[in-house]
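Asker: the following comprises the amino acid sequence and a computationally predicted model.
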Amino acid sequence: MMTVVAFENVTKDYRTGFRKKKTALKDFSLAVKEGEVFGFLGPNGAGKSTSIKILLNLIFPTSGVAEILGTSAGNAEVRRFVGYLPENPYFYDYLNPMELLQFAGKTSGMLAGDIRERTENLLQTVGLWKERKRPIRNYSKGMVQRTGLALALIHNPKIVILDEPMTGLDPIGRRQVIDLILKLKSEGKTIFFSSHILEDIERVCDRIGILVNGSLVRTLTVASEHLDKSLEDVFIEEVEKAGGIQQ
Amino acid sequence: MMRAWAVALITFKEGIKNRVIFGIFIIALLLFAATTLITTLFMRDIVKVAVDLSLSTVSFAGLLTLFFVGVNLFSKDIDKRTIYMVISRPISRSQYLVGKFLGLLLLALTVGFLLGALSALPVIMSKRFYYYTEARFAWDVFFIAVVYIFIKLAIVSSIITFFASLTSNSFMTLVLAMVTYLIGESTEGVRSLLTSGIEAQTVSPLLSSLVNIAYYVFPNMSAFDLKTQAAHGLPVSLAYMSWTALYALVYITAVVAAGTLFFRRREFP
């Protein structure tokens, strides 16, 4: 199967002061195959969001290469095939989801008719169709999160990248997101997502990567590899083995 | 270009729906009303005063829009990370920045256009209601002056775009853009003061070259101020109009291009 997301020896250092730096990712390598649901697990500050931001060219690696569909992540055109939901998304206050989705569709090269049709489908799916004309500043956190999901999916991307997609959602919202991820999985999409919620990761992922202090310490296949232990035990064991969480 | 235009439209929509814009409109309308009242205090040059105050109101409202709504449109994208939603799409950083500039420009021009049209009202009222009116007033020069306010606002939009590409802080962008604007308003006056008359012999060569550098680096805003010509109905030559418009175009292109160079390397952690 084709590799759709690849990190090759990626290191990312952040400057934290004069001559001071913090390494967020250390020599990080990973390959995600087409159609795979890959879950990124790690404590706060492990480097999950950093790696996702490198993939979307929001930040640049200090060394190493990140690729999407065999093309450098720095190439804007490749993002036509990628849908992204950031952690704690924030959108334009005075616009409504219809306007945002229209913008997203247009910039992804969609035709006006397709944008209209897909907008209605997606807003129905995420339960925002009735609220579609309300400006986003009047939305609850969960509604903003669901708008973000619709935005990530408007152009029917091959790869969906979700950074903590359950943040701010109530149990019903969480359930909706899980169902949506499973639906996308059944459609053959590649999903790359990070979460703290082990139960969610275990439910939807084919493969899990455990990231601790900027290093990928273990990848495991959900179906086969930790049947004797719970994912929580495996996770804690790996974090401890890696020397705990370094601040 | 289509993607930059999509960014421009979303920026414009977000800006025009901002309540601050309504506040700016109300201030401008009050100033227009005040203009009509203030002109009654003058015994002569009534239309000149009305033209001067009306054009100043259009310029002031345009600047308020850019400084208080425009700056925020940029910095909120970066502060609140709305930019993730934009540049995670197939949009390059250059397209984003050019789109933002165009959105800002569209916003300032919309406000300028509406107020520019309304600015004729105090002038019409002064001409109708008062006995003394100047013979040399001409509407064409008045509207040329309005168009040159638009050009001035376009330059301010490019300056905001440039500073927003460098800083993540709205206050810094606001201060730097305002300072640049104020310096730009005065460089021509200072330069002509130092290069002509008695001051030319007494001023140090270092100060003289510093003023010269400032004259070329900062935009010459006074070149776009045609209030005096509009008030007195003085003709504005086609050559003057063409050269100043070309100067504005070159300056805006250079400033936005410089902004994109910085912005391309910028990270959004």
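Answerer: Alright, I've got the coordinates. Numbers count the residues shown, from 1 in each chain, chains lettered A, B, ... in the order given.

Asker: let me know the secondary structure of the residue of chain A found nearest chain B.
Answerer: As assessed by C-beta to the nearest C-beta, chain B sits closest to residue A:94 within chain A, at 3.7 Å. All C-beta spots, glycine's among them, are computed from the backbone N, C-alpha and C. Three-state call for residue A:94 (DSSP: H, G, I helix; E, B strand; the rest coil): coil.

Asker: what's the nearest residue to it if we skip its chain neighbours?
Answerer: residue B:17 (3.7 Å; C-beta to C-beta, 6 or more residues apart in numbering or on different chains).

Asker: how about residue A:32?
Answerer: With C-beta to C-beta, 6+ apart as the criterion, residue A:32 has its nearest non-adjacent residue at 4.0 Å, and that residue is residue A:5.

Asker: from residue A:30, how far out is that neighbour?
Answerer: 8 Å (C-beta to C-beta, to the nearest Å).

Asker: residue B:139 too?
Answerer: Shown here: residue B:139 relative to residue A:30, a distance of 68 Å by C-beta to C-beta.

Asker: which of the two has more residues huddled nearby?
Answerer: residue A:30 (20 against 12; other C-beta atoms under 10 Å in any protein chain shown).

Asker: thought that one was touching residue A:209?
Answerer: Yes. Contact criterion C-beta atoms under 8 Å: residue A:30 and residue A:209 qualify, at 6.2 Å.

Asker: show me whatever sits in contact with both of those two.
Answerer: Jointly contacting residue A:30 and residue A:209 under the rule C-beta atoms under 8 Å, 6 or more residues apart in numbering or on different chains are A:216, A:219.

Asker: checking residue B:44 next. Helix, strand or coil?
Answerer: The three-state assignment at residue B:44 reads coil, by three-state DSSP.

Asker: what is the neighbour count of it?
Answerer: 11.

Asker: for it, give its distance to residue B:127.
Answerer: According to C-beta to C-beta, residue B:44 stands 14 Å off from residue B:127.

Asker: how about the residues of chain A by chain B?
Answerer: Within reach of chain B by C-beta under 8 Å from any C-beta of the partner chain, chain A has these residues: A:14, A:50, A:53, A:56-60, A:76-80, A:82, A:84, A:86, A:88-95, A:99-100, A:103-104, A:106-109, A:135, A:148, A:151.

Asker: buried only: go through the residues you listed for me.
Answerer: Among the residues of chain A next to chain B, those classed as buried by 16 or more other C-beta atoms under 10 Å in any protein chain shown are A:50, A:53, A:56-59, A:76, A:78-80, A:82, A:84, A:86, A:89-93, A:95, A:99-100, A:103-104, A:106-108, A:135, A:148, A:151.

Asker: which of the residues you listed fall within helices?
Answerer: Here DSSP state H is the test, and those give A:50, A:53, A:99-100, A:103-104, A:106-107, A:148, A:151 as lying in helices.

Asker: next, format the residues you listed as a markdown table and append pLDDT and distance to residue B:245.
Answerer: Putting those into a markdown table (pLDDT from 0 to 100; distance: C-beta to C-beta, whole Å) gives the following:
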| residue | pLDDT | distance to residue B:245 |
| --- | --- | --- |
| A:50 | 93 | 47 |
| A:53 | 94 | 42 |
| A:99 | 94 | 34 |
| A:100 | 94 | 36 |
| A:103 | 93 | 32 |
| A:104 | 93 | 36 |
| A:106 | 92 | 31 |
| A:107 | 91 | 31 |
| A:148 | 92 | 43 |
| A:151 | 93 | 40 |
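
Asker: check contacts around residue 154.
Answerer: No chain was given, so I picked chain A. Contact partners of residue A:154, counting by C-beta under 8 Å, 6+ apart, are A:83, A:101, A:104-105, A:108, A:110, A:115, A:118-119, A:122.

Asker: that was the other one, I meant chain B.
Answerer: Taking C-beta under 8 Å, 6+ apart, one finds B:105, B:108-109, B:248, B:252 in contact with residue B:154.

Asker: how near is it to residue B:112?
Answerer: Taking C-beta to C-beta, one finds residue B:154 at 10 Å from residue B:112.

Asker: pLDDT score assigned to residue B:228?
Answerer: Looking at residue B:228, its pLDDT stands at 85.

Asker: my bad, residue B:130
Answerer: Looking at residue B:130, its pLDDT reads 65.

Asker: what do you get for residue A:227?
Answerer: Note for residue A:227: predicted pLDDT of 58.

Asker: now residue B:133
Answerer: 54.

Asker: quick one on the thing from earlier: distance of the residue of chain A closest to chain B relative to residue A:135?
Answerer: 5 Å.

Asker: what sits in contact with each of those two?
Answerer: With C-beta under 8 Å, 6+ apart as the test, residue A:94 and residue A:135 both reach residue B:17.

Asker: wait, doesn't residue B:42 sit right on residue B:49?
Answerer: Yes. Under the criterion of C-beta under 8 Å, residue B:42 makes contact with residue B:49 at 5.3 Å.

Asker: who has more neighbours out of those two?
Answerer: residue B:49 (20 against 15).

Asker: my read: that one touches residue B:38, true?
Answerer: Yes. Assessed by C-beta under 8 Å, residue B:49 is found in contact with residue B:38 at 6.8 Å.

Asker: buried residues, the helix or strand containing residue B:151. List them.
Answerer: Using DSSP states H and E, residue B:151 maps to helix B:139-166. Buried residues in helix B:139-166, counted by 16+ other C-beta under 10 Å: B:141-142, B:144-165.

Asker: pLDDT weak spots in chain A?
Answerer: Counting by pLDDT under 70, chain A contains low-confidence ranges at A:223-227, A:244-247.

Asker: helices along that one, start to end?
Answerer: Here chain A has its helices, by DSSP H, at A:48-55, A:97-107, A:112-125, A:141-153, A:171-186, A:198-204, A:231-241.

Asker: return the distance of the third one from the chain's centre.
Answerer: Right, the one you point to is helix A:112-125. Helix A:112-125 sits 22 Å away from the centroid of its parent chain (C-alpha atoms, centre = their mean, to the nearest Å).

Asker: which residues belonging to it are considered buried?
Answerer: Buried residues in helix A:112-125, counting neighbours by 16+ other C-beta under 10 Å, are found at A:115, A:118-119, A:122-123, A:125.

Asker: look up phi and psi at the residue of the stretch 1-150 of chain B found nearest chain A.
Answerer: Nearest to chain A, among the residues of the stretch 1-150 of chain B, is residue B:17, at 3.7 Å (C-beta to the nearest C-beta). Main-chain torsions, residue B:17, degrees, to the nearest 10: phi -80, psi -10.

Asker: check residue A:94 too.
Answerer: When read as degrees, to the nearest 10, the backbone of residue A:94 gives phi -90, psi 0.

Asker: turn the helices of chain A into a markdown table, including distance to residue B:196.
Answerer: Conversion of the helices of chain A to a markdown table gives the following (distance: least, C-beta to C-beta, whole Å):
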| stretch | distance to residue B:196 |
| --- | --- |
| helix A:48-55 | 56 |
| helix A:97-107 | 53 |
| helix A:112-125 | 60 |
| helix A:141-153 | 60 |
| helix A:171-186 | 71 |
| helix A:198-204 | 75 |
| helix A:231-241 | 75 |
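
Asker: go ahead and confirm residue A:190 touches residue A:6.
Answerer: No. Taking C-beta under 8 Å as the definition, residue A:190 is not a contact partner of residue A:6, at 11.7 Å.
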